[in-house]
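Trainee: Sequence and predicted structure, then a few things I'm wondering about:
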Amino acid sequence: MTAEQVETKQFQAETRKVLDIVINSLYTERDIFVRELVSNAADALEKFRHQSLIEKIEFDSHVPLEIVIDGDDKKHTLTIADTGIGMTREELETNLGTIAHSGSQHFFEQLAEAAKKDVNLIGQFGVGFYSVFMAAKSVRVQTRSWDGSEGWEWSSDGGGTYSIGPCPGLHRGTKIIIELKDDAHTYASKFTLERIIQQYSTFVPFPVKVEGKKVNTVQAIWTRSKSEITDEEYTEFYKFVGNAVDEPLYRLHFSADAPLAINALLYVPKENFEVLGMGRMQPGVNLYCQKVLIDQHSENILPEWLRFLKGVVDSEDLPLNISRQSLQDNALVVKLRKVLTKRVIKFFAEEAGRDADTYREFWQTFGIFIKEGVTSDFEHRTELAKLLRFESSASEPGSMISLDEYIGRMKDGQDKIYYINGPSRVAVEYGPYVELFKKRGIEIFYTLEPIDDFVLNHLGEYDGKKLVSADRADLSLPEPAADADQAAAQDTAEPLAAAVLTSLCRWMKEMLGDRIQEVKASDRLVDSPAMIVNVDGYMTSSMERILKASGQGEAFGMGSKKDMEINGSSPLIKKLAALREGDPDFAKDLVEQLYDNAMIQAGLLVDPMVMVRRNYRILERIAGGPADAA
Ligand code: ADP
Ligand code: MG
């Protein structure tokens, strides 16, 4: 190529950051850059194989599908060539000049962290190519697209820029020529390369040749019978397909003949990569047809909420030449997805029964996806509900139970499932909403995650029993047995007379105005003087809090439909009734403070400045009144 035709460009800022991290972090396992490049080569070959099934490709159609690796011990270079799909000029620029991820600050922090801890993680971040600069002084990428357009060469030394220029005379595919750093000469050695390929790339479904010798055995593990596959092979395959470094949490290998011929090998990882600041994960399961990759990271064969699964699904019933675009509305794919989803849910349910400890680990890491499924996947909602776990008043702190377990323990006459949201178990148990449940021995779920109320609200009912939040105004708990009622009546202090209480309620309502709909005498409170309850059946305080925080509160017209319940047996309420006559100003402060306290216990916002001022007035009064009490 002539100098005039070569263009030099700046890497995108995000890419420069990634390069910085890759080059300047201290690495223990540089080997993995070979794996990343081989995995890119394999991807490119799969893409070409699939493309050639969709359309007749004339250009270079005779070139065999393979990966060829050569080291030059004297020149200290390493070359990795594939005969895959190749790249056009535009593709070169986007694929090797920018990064696909959003590149948030959090992303880079996590990437830097991961690079320090375990460089293997780099592939998970979708920036595997750049790992070449761990070992490379400079890199040249020569590539020619399957469409037969001109070849191009991309080159860079990992600094701020890269160059692109024409590169005539290439065959289809991509050749990566690496000039090795002085301390990385080992990567030109045949032995090192063979070792790395055997360690990381045994499952590459194309021949990988090192110095002319094939070093991997091409095999589709998922089509073999379970009894022939060792745990080690399963784990190795997981690492290959999931670009992972650890062992999977779960593994599900199954085949079916009806209604579709399916071979599936699916894994649940140990980690949820969405919490690492990478944004939404792409699906991790690849679709094959007769061992040919049809759709990598397929969005069609599993519902979105199962995007954390890794693995492969192979179905002989699909047409080999189906295009990615037409997968979405292919009837067979729809059927496939149904069968797979049901099978996976059943698998989780079985695992939960078989090994509760591992299921707990699963639930802690991936429970959020199951909850997403309940809110988004109407078809599987009921089956998914079986997988839900929450703490409850009857569970040990930190351990969780299922809806079925709850139902198994329900009281005679109880026909609803109760739950209450709170930031922690302690907070819930200190709050007013569980008082009557405790007294009557009725179990109640503690939904400790903000989204839980949305999930249960979507579910609506389970096994014919309505799911009800305990902060609802119209809550009616099953009546206790007659003698228990009497015992309970005995230990209750003498309440305020009904007429006094009614008038107190009316007076309080006047004072609180529109903030609440009604002040009512409570038949639920045991110890607390007051609480806020929701009149709208579908809305809980926790949901309101989230909607408000997300700025949607107004759209839902919230904040108006609440009642305040007061406890006529509470010493404070009794004193308040007396103070109302004797010291109305102070009584007014008390009402306001009662309201704020009840709102706080409901997890809702109050104005802290106003409250703290009032609180000081009340404290002064308790401490003996201000020196110049008005
Ligand atoms: P990822 O593989 O996760 O997409 P990489 O940084 O490894 O991220 O590669 C970036 C992109 O560069 C790939 O998605 C692919 O489009 C392109 N690419 C890399 N290597 C090759 C290759 N050998 N042949 C064709 N395209 C390639
Ligand atoms: Mg890659």
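Mentor: Received, thanks. Ligands and ions are numbered 1, 2, ... in the order given.

Trainee: thinking residue 444 is in contact with residue 422, fair?
Mentor: No: contact between residue 444 and residue 422 fails when scored by C-beta atoms under 8 Å: they sit 10.9 Å apart. (Each C-beta comes from the backbone N, C-alpha and C, glycine too.)

Trainee: Please enumerate the helices of the stretch 351-500 of the chain.
Mentor: Secondary structure of the stretch 351-500 of the chain (DSSP state H, counting those that start in this stretch): helices at 356-376, 381-385, 403-408, 425-430, 435-440, 452-459, 482-490, 498-512.

Trainee: what's the distance between residue 6 and residue 165?
Mentor: Residue 6 sits 4 Å away from residue 165, going by C-beta to C-beta, to the nearest Å.

Trainee: Sorry, slip of the keys, the one I care about is residue 511.
Mentor: Distance, residue 511 to residue 165, by C-beta to C-beta: 80 Å.

Trainee: Have a look at those two and say which one is more surrounded.
Mentor: residue 165 (17 against 14; other C-beta atoms under 10 Å).

Trainee: The more buried one: which element?
Mentor: Assessed by DSSP states H and E, residue 165 sits inside strand 161-166.

Trainee: What are the buried residues along that strand?
Mentor: 162, 164-165 (16 or more other C-beta atoms under 10 Å).

Trainee: Direction included, what does that strand pair up with?
Mentor: Using DSSP bridges, strand 161-166 pairs in its sheet with strand 7-10 (antiparallel), strand 152-156 (antiparallel).

Trainee: contacting residues for the residue of the chain found nearest ligand 2?
Mentor: Relative to ligand 2, the nearest point of the chain is residue 128 (3.4 Å; C-beta to the ion). Shown in contact with residue 128 (C-beta atoms under 8 Å, 6 or more residues apart in numbering): 36-37, 39-40, 122, 243.

Trainee: same question, residue 517
Mentor: The contact partners of residue 517, by C-beta under 8 Å, 6+ apart, come to 535, 560-563.

Trainee: Show me which of the residues you listed are buried.
Mentor: Neighbour-count burial (16+ other C-beta under 10 Å) applied to these gives 561-563.

Trainee: The residues you listed in strands, which ones?
Mentor: In strands, judged by DSSP state E, the following of the buried ones among the contacts of residue 517 are found: 562-563.

Trainee: With pLDDT and distance to ligand 2 as added columns, please give the buried ones among the contacts of residue 517 in JSON lines.
Mentor: Shown next, in JSON lines, are those (pLDDT from 0 to 100; distance: C-beta to the ion, whole Å):
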{"residue": "561", "pLDDT": "86", "distance to ligand 2": "53"}
{"residue": "562", "pLDDT": "92", "distance to ligand 2": "54"}
{"residue": "563", "pLDDT": "95", "distance to ligand 2": "58"}
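
Trainee: Quick check, residue 290 in contact with residue 320.
Mentor: Yes: the criterion here is C-beta under 8 Å, and residue 290 meets it with residue 320 at 6.5 Å.

Trainee: how near is the residue of the chain closest to ligand 2 to residue 451?
Mentor: Distance, residue 128 to residue 451, using C-beta to C-beta: 33 Å.

Trainee: swap in residue 603?
Mentor: 14 Å.

Trainee: Between those two, point out the one with more neighbours.
Mentor: More crowded of residue 603 and residue 451, by other C-beta under 10 Å: residue 603, with 20 against 17.

Trainee: does that one sit in a helix, a strand or a coil?
Mentor: Here residue 603 is recorded as coil under DSSP: H, G, I helix; E, B strand; the rest coil.

Trainee: hang on, it packs against residue 545?
Mentor: Yes: with contact defined as C-beta under 8 Å, residue 603 counts as touching residue 545 (5.5 Å).

Trainee: Residue numbers of this structure in contact with ligand 2?
Mentor: Residues of the chain that fall close to ligand 2, judged by C-beta under 5 Å from the ion: 40, 128.

Trainee: Ranking helices and strands of the chain by mean pLDDT, which lands last?
Mentor: Lowest on mean pLDDT, DSSP states H and E among the helices and strands of the chain sits helix 482-490, with a mean of 54.

Trainee: Let me know how buried the nearest residue to residue 351 once chain neighbours are set aside is, in neighbour terms.
Mentor: Leaving aside its sequence neighbours, residue 351 sits nearest to residue 359 (C-beta to C-beta, 6 or more residues apart in numbering; 5.6 Å). Other residues near residue 359 come to 23 when the count uses other C-beta under 10 Å.

Trainee: and what of the one 5 residues further on?
Mentor: Counted by other C-beta under 10 Å, the residues lying close to residue 364 total 12.

Trainee: so what's residue 141 up against?
Mentor: Contacts of residue 141 by C-beta under 8 Å, 6+ apart are 92, 96, 153-155, 174-177.

Trainee: List the backbone torsions phi and psi for it.
Mentor: Dihedral angles of residue 141 (phi, psi; degrees, to the nearest 10) stand at phi -120, psi 110.

Trainee: Kindly provide the distance from it to residue 22.
Mentor: As judged by C-beta to C-beta, residue 141 and residue 22 stand 16 Å apart.

Trainee: In three-state terms, label the closest residue to residue 31 other than its chain neighbours for me.
Mentor: With C-beta to C-beta, 6+ apart as the criterion, residue 31 has its nearest non-adjacent residue at 5.1 Å, and that residue is residue 196. Taken by three-state DSSP, the conformation at residue 196 corresponds to helix.

Trainee: Confirm for me that residue 196 is in contact with residue 35.
Mentor: Yes: if you go by C-beta under 8 Å, residue 196 and residue 35 touch, sitting 6.8 Å apart.

Trainee: does residue 81 belong to a helix or a strand, and which?
Mentor: Residue 81 belongs to strand 77-82 when assigned by DSSP H and E.

Trainee: Tell me how many other residues surround residue 394.
Mentor: Using other C-beta under 10 Å, residue 394 has 14 other residues around it.

Trainee: Residue 584 now?
Mentor: 11.

Trainee: Show the model's pLDDT score for it.
Mentor: Model confidence at residue 584, given as pLDDT, is 92.

Trainee: For stretch 207-217, what does the pLDDT average out to?
Mentor: Mean pLDDT, stretch 207-217: 91.

Trainee: Kindly apply the preceding question to stretch 233-251 instead.
Mentor: For stretch 233-251, mean pLDDT rounds to 91.

Trainee: try stretch 13-33
Mentor: For stretch 13-33, the mean pLDDT works out to 77.

Trainee: what comes up buried for the host helix or strand of residue 109?
Mentor: Assigned by DSSP H and E, residue 109 belongs to helix 105-117. Residues 107-108, 110-112, 114-115 are the ones in helix 105-117 that count as buried (16+ other C-beta under 10 Å).

Trainee: ok, so of those residues, who is nearest residue 74?
Mentor: Sorting the buried residues of helix 105-117 by how near they are to residue 74, with C-beta to C-beta, puts residue 115 at the top with 31.7 Å.

Trainee: Read off the pLDDT value for that closest one.
Mentor: Looking at residue 115, its pLDDT is 68.

Trainee: Next: residue 126.
Mentor: At residue 126, pLDDT is 68.

Trainee: Mind telling me what element residue 597 is part of?
Mentor: helix 584-601.

Trainee: Distance from the chain centre to stretch 604-617, please.
Mentor: 37 Å (C-alpha atoms, centre = their mean, to the nearest Å).
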